[in-house]
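K.L.:
kindly return the folded structure for what I paste below:
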Amino acid sequence: MVRGWGLRLLTILGILPRITYLGIQLLWVWMTLDWKVRKARRAFERELVKHGISKEDARQLSKQIKTAKDDIMSSLWKMAVHS
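P.N.:
Predicted coordinates:
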């Protein structure tokens, strides 16, 4: 009986570094993706305004980029929690 618990404990301890590493990677992706989406939205808005679209309409269109990013990150977090 003790052997069974010992093996389970070793298995869990072996998995912990991998889970920690994946969690750090997911956090890094979240942070960098947020920064890059912000830059992309600004560039997208500038290009739309250059082509004659009003600033308000450009902002509304660029919000879709953030919405898509939020949906992607939500899916990633759900996958991480369920696995």
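K.L.:
quick one: average confidence on the longest helix along the chain?
P.N.:
What stands out as the longest helix in the chain, according to DSSP state H, is helix 2-50. Averaged across helix 2-50, the pLDDT comes to 85.
K.L.:
and the next element down the chain from that helix?
P.N.:
Next helix or strand after helix 2-50 toward the C-terminus (DSSP states H and E): helix 55-82.
K.L.:
how far off centre is that following helix?
P.N.:
9 Å (Cα atoms, centre = their mean, to the nearest Å).
K.L.:
show me which positions of it end up buried.
P.N.:
Judged by neighbour count (16 or more other Cβ atoms under 10 Å), helix 55-82 contains these buried residues: 58, 62, 69, 73. Every residue, glycine included, has its C-beta placed from N, CA and C.
K.L.:
sorry, back to before: which helices and strands sit right next to the longest helix of the chain?
P.N.:
Applying 3 or more Cβ pairs under 8 Å, 6 or more residues apart in numbering; DSSP states H and E, one finds that helix 2-50 contacts helix 55-82.
K.L.:
output stretch 12-23 as PDB, restricted to C-alpha atoms.
P.N.:
Coordinates of each C-alpha in stretch 12-23 appear next as PDB, following Å, rounded to 0.1, in the frame of the first residue of the first chain:
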ATOM      1  CA  ILE A  12       2.800  14.000  -9.300                       C
ATOM      2  CA  LEU A  13       6.100  15.500  -8.400                       C
ATOM      3  CA  GLY A  14       7.400  14.600 -11.900                       C
ATOM      4  CA  ILE A  15       4.400  16.400 -13.500                       C
ATOM      5  CA  LEU A  16       4.600  19.500 -11.500                       C
ATOM      6  CA  PRO A  17       7.500  21.100 -13.300                       C
ATOM      7  CA  ARG A  18       5.900  20.600 -16.600                       C
ATOM      8  CA  ILE A  19       2.600  22.100 -15.500                       C
ATOM      9  CA  THR A  20       4.400  25.000 -14.000                       C
ATOM     10  CA  TYR A  21       6.400  25.500 -17.300                       C
ATOM     11  CA  LEU A  22       3.100  25.400 -19.300                       C
ATOM     12  CA  GLY A  23       1.500  27.900 -17.000                       C
END
